[in-house]
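In: Need the 3D shape of this:
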Amino acid sequence: MCDPVTMAVVSVASGALQYKQAKAQAKANYARQKRQNELARKNAVQRYASEQLRIRQSLKKSAEEDLKGTLKARRVRAEFTAGASDAGIAMSGSTNALLANYYRTEGNFRNAINNNMQMNVSQFERNLEAIQFGQESQSTYETPPNSALLFASSALNTANSYFSMTSGMENAGLKTPSQKRNYSTGGRVYNPPK
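Out: Just a heads-up that it's a prediction; the model follows:
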């Protein structure tokens, strides 16, 4: 069997190495968590910007369509009323009904554009909520390294190794280091002079 002092030194050295490795691993894990959260944040920002650009383009297109429809309706009504006045025709019930039909068609067209735009805005809001949820699901909880806890864990592992070694020696019928010390002093605890 190895010398108990050598075993203790090896056990302490092993514990110190385990502590150093655990601390390095905890730091690397913390850095990885920070990188993951930063990537999730950047991804969400890009998706927000893309979604906002899309809704702005949709709003602009909708406004252009609304303007085109309004201008077309005004042009048709102007031609209709100008043609009737040039001909010296008074506006009768049927011509007023035809003019009212132009207004109704224009109103339906504008209403359809507004309804479509409201649906687009609602979808835009749901997309923003999904982006936020996606960022939250991609983010991780950050756990900074706890040196005190790692040191305590390594110390307990070292003590456990030492006690396992002494227990194994006792089970094998060998004397443990403390039994050897007590045997050499005759069972008395040795107190060196000061």
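
In: Select the longest helix from this structure.
Out: Longest helix in the chain by number of residues (criterion: DSSP state H): helix 4-86.

In: Quick one: list the elements packing against that one.
Out: helix 93-138, helix 147-171, helix 177-184 (3 or more CB pairs under 8 Å, 6 or more residues apart in numbering; DSSP states H and E). All C-beta spots, glycine's among them, are computed from the backbone N, C-alpha and C.

In: Reformat the ones you listed as JSON lines; add mean pLDDT and distance to residue 47.
Out: Converted to JSON lines, the helices and strands packed on helix 4-86 look like this (pLDDT from 0 to 100; distance: least, CB to CB, whole Å):
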{"stretch": "helix 93-138", "mean pLDDT": "85", "distance to residue 47": "5"}
{"stretch": "helix 147-171", "mean pLDDT": "77", "distance to residue 47": "38"}
{"stretch": "helix 177-184", "mean pLDDT": "62", "distance to residue 47": "64"}
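
In: any chance of these in a markdown table, plus mean neighbour count and distance to residue 12?
Out: Output for the helices and strands packed on helix 4-86, formatted as a markdown table (neighbours: other CB atoms under 10 Å; distance: least, CB to CB, whole Å):
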| stretch | mean neighbour count | distance to residue 12 |
| --- | --- | --- |
| helix 93-138 | 13 | 42 |
| helix 147-171 | 14 | 6 |
| helix 177-184 | 12 | 14 |
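
In: Next, format those as a markdown table and append distance to residue 36.
Out: Listed next are the helices and strands packed on helix 4-86 as a markdown table, based on distance: least, CB to CB, whole Å:
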| stretch | distance to residue 36 |
| --- | --- |
| helix 93-138 | 7 |
| helix 147-171 | 22 |
| helix 177-184 | 48 |
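
In: Quick one: residues contacting the most centrally placed residue in the chain.
Out: By CA atoms, centre = their mean, the chain has its centre lying nearest to residue 139, at 2.7 Å. If you count contacts by CB atoms under 8 Å, 6 or more residues apart in numbering, residue 139 has them with 36, 37, 40, 41.

In: Would you reformat these as TSV and include distance to residue 24, neighbour count and pLDDT?
Out: Formatted as TSV, these follow (distance: CB to CB, whole Å; neighbours: other CB atoms under 10 Å; pLDDT from 0 to 100):
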residue	distance to residue 24	neighbour count	pLDDT
36	19	14	89
37	21	16	90
40	25	17	89
41	26	13	89
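
In: Give me the neighbour count for residue 31.
Out: 12 (other CB atoms under 10 Å).

In: ok, now which ones touch residue 70?
Out: Neighbouring residues of residue 70 by CB under 8 Å, 6+ apart: 106, 110.

In: what pLDDT, on average, does stretch 50-62 get?
Out: For stretch 50-62, mean pLDDT is 90.

In: Wait, residue 117 touches residue 61, no?
Out: No. Using CB atoms under 8 Å, residue 117 is not in contact with residue 61; the gap is 9.5 Å.

In: Quick check: residue 66 touching residue 113?
Out: Yes. The pair residue 66 and residue 113 qualifies as a contact (CB under 8 Å) at a distance of 5.1 Å.
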